[in-house]
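*Asks:* Pasted the sequence and its predicted model underneath.
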Amino acid sequence: MDDLLRAFKAAKDIKDDIPSQIEEGLYLGSVEAANNKTLLKSLNITHILTVASSIPPPFPNDFSYKTLDVHDRGDVNIAQFFDDCFSYITEAKRTGSVLVHCFAGRSRSVSVVVAYLTKRHGMSSSKALKLVKSKRSVAAPNAGFILQLQNYEKSVPSML
């Protein structure tokens, strides 16, 4: 418990309230970024996809929200949400921009964005993750999510 408390205090000392732009209309970030209303508005973010449990929408009158109750554990089936998230992101980009976030913006939200890029652009999951890491260096899906992304890639028809 002491380790968890120390990690939480250390995380609070790191400012992470600026979302990373992955491509036009698609941003990735942490819960802090999702709470930076002024910046979200300035980036034309109209939709927020929360991939985490117990994080209520902070500005329900200002943004359209979709919330998925997902824990950051390798045994969680995050892949079951990929196609639904793809649809949500695609629809959001038609009218504005979308922020995909979890608590730290490292594992769950990164996995969703990698799945989106894999399906949208026909990228391999490793190439999509490399792109995301180039925009958001803390990106690090857990091992179970990486395996699910690799399996998802096999199920996506080639865009070539």
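*Replies:* Perfect, thanks for sending it. Residues are numbered from 1 along each chain as shown.
*Asks:* Could I get the phi/psi values of the residue positioned nearest the centre of the chain?
*Replies:* For the chain, residue 109 is the residue whose C-alpha lies nearest the centre (C-alpha atoms, centre = their mean; 2.3 Å). Note on residue 109: backbone dihedrals following degrees, to the nearest 10 are phi -70, psi -40.
*Asks:* what's the closest non-adjacent residue to it?
*Replies:* Among residues not flanking residue 109 along the chain, residue 102 sits closest, at 4.2 Å (C-beta to C-beta, 6 or more residues apart in numbering). The way it works is simple: take the backbone N, C-alpha and C, and place the C-beta from them, glycine included.
*Asks:* Just the element for residue 61, please.
*Replies:* Using DSSP states H and E, residue 61 maps to neither a helix nor a strand.
*Asks:* Okay, it and residue 148: tell me how far apart.
*Replies:* Computed as C-beta to C-beta, to the nearest Å, the residue 61 to residue 148 distance reads 34 Å.
*Asks:* count of residues packed around residue 36?
*Replies:* 20 (other C-beta atoms under 10 Å).
*Asks:* contacting residues around stretch 101-111?
*Replies:* The contact list for stretch 101-111, computed with C-beta atoms under 8 Å, 6 or more residues apart in numbering, reads 11, 16, 19-20, 28-31, 33-34, 48-52, 55, 70, 72, 78, 100, 129, 132, 136, 138-142, 145, 148-149.
*Asks:* any idea of the mean pLDDT for that stretch?
*Replies:* For stretch 101-111, mean pLDDT rounds to 97.
*Asks:* how far out from the middle of the chain is that stretch?
*Replies:* Chain-centre distance of stretch 101-111: 5 Å, with C-alpha atoms, centre = their mean, to the nearest Å.
*Asks:* Need the CA coordinates for that stretch. CSV is fine.
*Replies:* In CSV, the C-alpha atoms belonging to stretch 101-111 read as follows (Å, rounded to 0.1, in the frame of the first residue of the first chain):
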residue,chain,number,x,y,z
HIS,A,101,-8.1,9.1,-22.3
CYS,A,102,-7.8,6.8,-19.3
PHE,A,103,-6.2,7.7,-15.9
ALA,A,104,-2.6,8.1,-17.0
GLY,A,105,-2.9,8.0,-20.7
ARG,A,106,-0.5,5.0,-21.0
SER,A,107,-2.3,1.7,-21.4
ARG,A,108,-6.0,1.6,-21.9
SER,A,109,-6.5,4.7,-24.0
VAL,A,110,-3.3,3.9,-25.9
SER,A,111,-4.7,0.5,-26.8
